[in-house]
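Student: Got a predicted structure here, sequence first:
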Amino acid sequence: MTYSKQFTRKLDQLNFKNLYQGDFFLTWEKTVDELIATFTVADALRALREDNASTKIFNSGLGISLFRDNSTRTRFSFASACNLLGLEVQDLDEGKSQIAHGETVRETANMISFMADVIGIRDDMYIGKGNTYMREVAKAVREGYLDGVLEQCPTLVNLQCDIDHPTQLMADMNHITHHFGGLENLKGKKVAMTWAYSPSYGKPLSVPQGAIGLMTRFGMEVVLTHPKGYEVMPEIEGIAQKQAAHSGGKFTKSSSMEEAFKDADMVYPKSWAPFAAMEKRTALYGNGDLEGIKALEQELLAENAKHKTWECTEQLMQTTRDGKALYLHCLPADISGVSCKEGEVAASVFDRYRVPLYKQASHKPYIIAAMIFLSKVKYPQQVLAELATGNKPRVFGT
Amino acid sequence: MTYSKQFTRKLDQLNFKNLYQGDFFLTWEKTVDELIATFTVADALRALREDNASTKIFNSGLGISLFRDNSTRTRFSFASACNLLGLEVQDLDEGKSQIAHGETVRETANMISFMADVIGIRDDMYIGKGNTYMREVAKAVREGYLDGVLEQCPTLVNLQCDIDHPTQLMADMNHITHHFGGLENLKGKKVAMTWAYSPSYGKPLSVPQGAIGLMTRFGMEVVLTHPKGYEVMPEIEGIAQKQAAHSGGKFTKSSSMEEAFKDADMVYPKSWAPFAAMEKRTALYGNGDLEGIKALEQELLAENAKHKTWECTEQLMQTTRDGKALYLHCLPADISGVSCKEGEVAASVFDRYRVPLYKQASHKPYIIAAMIFLSKVKYPQQVLAELATGNKPRVFGT
Amino acid sequence: MTYSKQFTRKLDQLNFKNLYQGDFFLTWEKTVDELIATFTVADALRALREDNASTKIFNSGLGISLFRDNSTRTRFSFASACNLLGLEVQDLDEGKSQIAHGETVRETANMISFMADVIGIRDDMYIGKGNTYMREVAKAVREGYLDGVLEQCPTLVNLQCDIDHPTQLMADMNHITHHFGGLENLKGKKVAMTWAYSPSYGKPLSVPQGAIGLMTRFGMEVVLTHPKGYEVMPEIEGIAQKQAAHSGGKFTKSSSMEEAFKDADMVYPKSWAPFAAMEKRTALYGNGDLEGIKALEQELLAENAKHKTWECTEQLMQTTRDGKALYLHCLPADISGVSCKEGEVAASVFDRYRVPLYKQASHKPYIIAAMIFLSKVKYPQQVLAELATGNKPRVFGT
């Protein structure tokens, strides 16, 4: 990709002024114009970087990351995005900090934010908690800003919560947009968001929910498929329904992987935990009921094991459009015979799509950077144009 | 705050040349002029940042942090200060490093400092150890510099030791200076530095010691109050006495919170451990006497529990000057009914002072930055003026 | 040191074009010209820094570090090198990341590299594993680059493996070059790379192997000495033999420390584990045979204890050239009576050489920076000249 005026011309046609000084919690809270502006800025930043142009809009400033779960990809994506824009990452490691000592969210949020321009949070473990926590943090720093405690208001970026995984799904969307040659080409395309078997349990619901919550915005035919009992949050199904109707697409449910894969243009087979079970687990954790948690885990693993046939096999891939549906995954995948005995996907399928999968992941740092950029920069078109002509190389002498 | 020539005019009237290439261990080792210069530069850097001006004086360089205790605030304050000036933070985590393998202080200090411009250390746990350790590190790197091992001599900043907590107290002082409209307005003001009950034990003495060691420099009436047995280091009381006499202020002791609060302009109620007990604990740790430590802990908790009435209540606050004394705390506070059953402060008092408390904390990153700035920059007035007119924004396009 | 045109004039006479876009695994894979170019750029960067000139060639970009063993020196050296050039370090902590969840090397390598310009790996624990792992990572990111997944190909720098420790030995070489007034003065000089007793066991072989693999390139007389049973990898001895013949030097073996020290110009006494035992240990770890590992450890410690006389004493130092051989160590050393009861070196010897030892270590950040610089910059002479005349200070106003 090379930078050109097409990027700013596209932005000129969109209304995204509300992204300025805003947070990014859930994709369905943003307008289609705002989402497209985010994709466009992500591509523009990538093009500038490929042209070896500096994209630093910050001379100093911190990007705070708070991960309440293990993370490689998202951690590095956030660090990459911050670095690309000139922010230095500071991890808030709850083990090291006095948060462990029972500080209130409000106080800590302010104490870490004196020089923070962005706060990225991943908190996907407990239903009803993650997104709520992020909003508390965002509210606290906004108050701190209004009260004159903070000189700037840090933007909150949802790096995965119990409800949505916007940086992942926005990256996925940008990937399929590039693959199919433009957002307009996605209209009418069928995507199968399907459950798949994994020997682990309790994987977050944020990917399937994020997928049906975003892909229904662009006129696609979205099919959600899972064994009985693996329902996602009903509210999100409702949102998907409404959005599909509005965008001229479709949102359907099916209980057969075969049906979902049939003539699909894209497939996204992935394990997740049942919503109701996650609600139960959250309550058990709340009560400190360790026996109950153990029992629930055994129950879930046993339930999972009944659905080992939910695997993305070569035979299933054959049934997709021309046998060539684009295979999607947020990675890491449970690959049968490779990372586990029986998993989400056959090794040969995964291997054939390895390069597209890595490219899918490569969009995430730029999506995060675009979210930050659009919340901080008042006249994005002008700033992009200045970066493009600034004659400031990213690497000197390369 | 907006940057103006007032900052450099003020600096012109002060003698602070010894801060250049110096370390910052204890406030009472600095002259009043040097302290005022530090406050002034802290405010100037803050004003520049509020004007969206770059304050980076380092193009590259490391800020090393070494925390021998959990920390959120001080960790982020140090990271913020370094970032504000252009230094990248590297944590020396003793778990990860070979320090755990018994390296000598001298060797490690040099090995981590080849590109270090500042070293910030927090070591407040054991009486007689923390400050001594910092001075060893500072001595080691100064020798390394003189021997040609290091090309620059890193500045040592005391981020809290067994004796003083200069970055905290300097931030506190700057807070009250702003609150009362100028340092000269503090003359004659009464501040109550009082012990308060906490269900935990063994909190550092560095805050009360730092408070009486700094506030007595500026003509204030400083009252130190605690139950019998909770004495601070006698040397510091002596220093406070001498300084108060010299500055036209007062330093008194009292064993009644009521007496201390009476007509006070500021109150700083906070738990700490008895000095003598901390000395005992240090010796027990030295001997590896775990049984002895456990016994001492129980003894201290039992002793603490006798003083639950030492709480900053609404009734007590009523007795202060016009019932409106400024409530101070280094945070986090033990808030009765919120973070613990019975604590240092009533919830309603804490809540009423939440915004001022957060503002109090907001000074710390700038104080640390000012300490670094003044130890590294030869002509501070000139550099501040150049930053102010440099036309280099902190955030581009905001 | 002050920057002068001598640096670029020297580079003009060398052929090192293959360093551009290359990795650094083993010194003996590089030509003598390439090694000298690396020393020269290291010195040039150091001179620029001493002149307070900015050496940042990166405006943004990440340096990824992956340490599979505790590390202070190498961690800080890598962080310093990255910072000096403008890269921000991101540690890939396998505890925190999903690597622990069984991801493949290939996938992780790409996932962390979207904005990585360099990857530094330390993996010296298991014979036959470390170097192999690094090459897998390097291959994975090169493929990712060629496949269009990555927009730049990160350089891999070996920060210590089971075979070589190139950043250490290159630093050591640069140290002795400076000490003896030039690389040409090393011709014919005798260096004793000898085993020494340590109460710990299992120290890596990479230093003695790296030493004989590098010092034999420059016409030196290299003597490798150790008790029977402490053999290094035979392939490396073969390489040393061949290189010594080619460079007009000598490579001999001896089983007597006395013989090795006799008339030596430099001595490098250091403990290491027997190659064969390390191979055995690697196999035991592979089989999860914890009992076997414990038994082997006891056996190795008992074997070590038979060789306590292998200590670098004052008497031995007396037998070196004029009693003044340069004492070398990669640090930390096991100092008799200081860091252990009986160790590698007498306290008085170590103490006399403390400053030279620290200077030896001081070369490492610059060596690492030079490796990165030469792999990223197409016309190094031109870029160095521009940095020298760029009028961009490292510290502003110092």
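Tutor: Nice, thanks for sending it over. Residues are numbered from 1 along each chain as shown, chains lettered A, B, ... in the order given.

Student: how near is the residue nearest the centre of chain A to chain C?
Tutor: Against the mean C-alpha coordinate of chain A, by Cα atoms, centre = their mean, the closest residue is residue A:168 at 2.3 Å. As judged by Cβ to the nearest Cβ, to the nearest Å, residue A:168 and chain C stand 13 Å apart. Any C-beta I mention is one placed from the backbone N, CA and C, and that applies to glycine too.

Student: ok, now residue A:249?
Tutor: Here residue A:249 is placed at a distance of 30 Å from chain C (Cβ to the nearest Cβ).

Student: ok, the one helix or strand residue A:81 maps to near chain B or not?
Tutor: Here residue A:81 sits within helix A:73-85, counting by DSSP states H and E. No: figure legend: helix A:73-85 not in contact with chain B (Cβ under 8 Å from any Cβ of the partner chain); closest approach 9.5 Å.

Student: so after that helix, what's the next helix or strand?
Tutor: Per DSSP H and E, the first helix or strand lying C-terminal to helix A:73-85 is strand A:88-91.

Student: So which elements touch that following strand?
Tutor: strand A:62-67, helix A:73-85, helix B:73-85, strand B:88-91, strand C:88-91 (3 or more Cβ pairs under 8 Å, 6 or more residues apart in numbering or on different chains; DSSP states H and E).

Student: Show me what whatever helix or strand residue A:122 lives in pairs with in its sheet, parallel or antiparallel.
Tutor: Per DSSP H and E: residue A:122 is located in strand A:116-123. Strand A:116-123 has the following strand partners under DSSP bridges: strand A:62-67 (parallel), strand A:155-161 (parallel).

Student: would CSV of those with mean pLDDT be doable?
Tutor: Putting the strands paired with strand A:116-123 into CSV (pLDDT from 0 to 100) gives the following:
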stretch, mean pLDDT
strand A:62-67, 94
strand A:155-161, 97
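
Student: Tell me which of those approaches residue C:299 most closely.
Tutor: strand A:62-67 (42.9 Å; Cβ to Cβ).

Student: May I have the closest one as CSV, with CA atoms only?
Tutor: What follows is strand A:62-67 as a C-alpha-only set of coordinates in CSV (Å, rounded to 0.1, in the frame of the first residue of the first chain):
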residue,chain,number,x,y,z
LEU,A,62,1.7,7.4,28.1
GLY,A,63,-0.5,4.5,26.8
ILE,A,64,-1.6,2.6,29.9
SER,A,65,-2.4,-1.1,29.4
LEU,A,66,-4.4,-3.2,31.9
PHE,A,67,-4.7,-6.9,31.0
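
Student: Contacts for it, please.
Tutor: Contact with strand A:62-67 is made by A:74-75, A:78-79, A:81-82, A:87-92, A:94, A:112-113, A:115-123, A:154, A:159, A:372, B:79-80, B:83, C:96, as judged by Cβ atoms under 8 Å, 6 or more residues apart in numbering or on different chains.

Student: try it again with 7 Å
Tutor: Here strand A:62-67 makes contact (Cβ atoms under 7 Å, 6 or more residues apart in numbering or on different chains) with A:75, A:78, A:82, A:87-92, A:112, A:115-122, B:79-80, B:83.

Student: Can you show me the helices along the stretch 151-300 of chain A?
Tutor: For the stretch 151-300 of chain A, the helices defined by DSSP state H, counting those that start in this stretch occupy A:166-179, A:206-215, A:234-247, A:257-261, A:275-287, A:290-305.

Student: immediately after the longest one, which helix or strand?
Tutor: Going back to what we said before, that points to helix A:290-305. helix A:314-318.

Student: which secondary structure elements does that next one contact?
Tutor: Where contact means 3 or more Cβ pairs under 7 Å, 6 or more residues apart in numbering or on different chains; DSSP states H and E, helix A:314-318 is packed against helix A:257-261, helix A:347-352.

Student: what packs against the longest one?
Tutor: Helix A:347-352 makes packing contacts with helix A:314-318 when contacts are defined by 3+ Cβ pairs under 7 Å, 6+ apart.

Student: Buried residues of the helix it packs on, list them for me.
Tutor: A:316, A:317 (16 or more other Cβ atoms under 10 Å in any protein chain shown).

Student: Could you chop chain A up by domain?
Tutor: A:6-164+A:364-389, A:167-361 (automatic domain parsing).

Student: Tell me which of those domains sits most buried.
Tutor: Highest mean neighbour count of the domains of chain A: domain A:6-164+A:364-389, a mean of 21 (counted as mean count of other Cβ atoms under 10 Å in any protein chain shown).

Student: Just the terminal-to-terminal distance for that one.
Tutor: 15 Å (Cα to Cα, to the nearest Å).

Student: One more: stretch A:199-216?
Tutor: Per Cα to Cα, stretch A:199-216 runs 30 Å from first to last residue.

Student: So which residues on the stretch 251-398 of chain A come close to chain B?
Tutor: Proximity of the stretch 251-398 of chain A to chain B (Cβ under 7 Å from any Cβ of the partner chain) is limited to residues A:376, A:377, A:378, A:379, A:382, A:383.

Student: Show me the two of those that sit farthest apart.
Tutor: Spatial extent of those (Cβ to Cβ) is set by the pair A:376 and A:382 at 13.5 Å.
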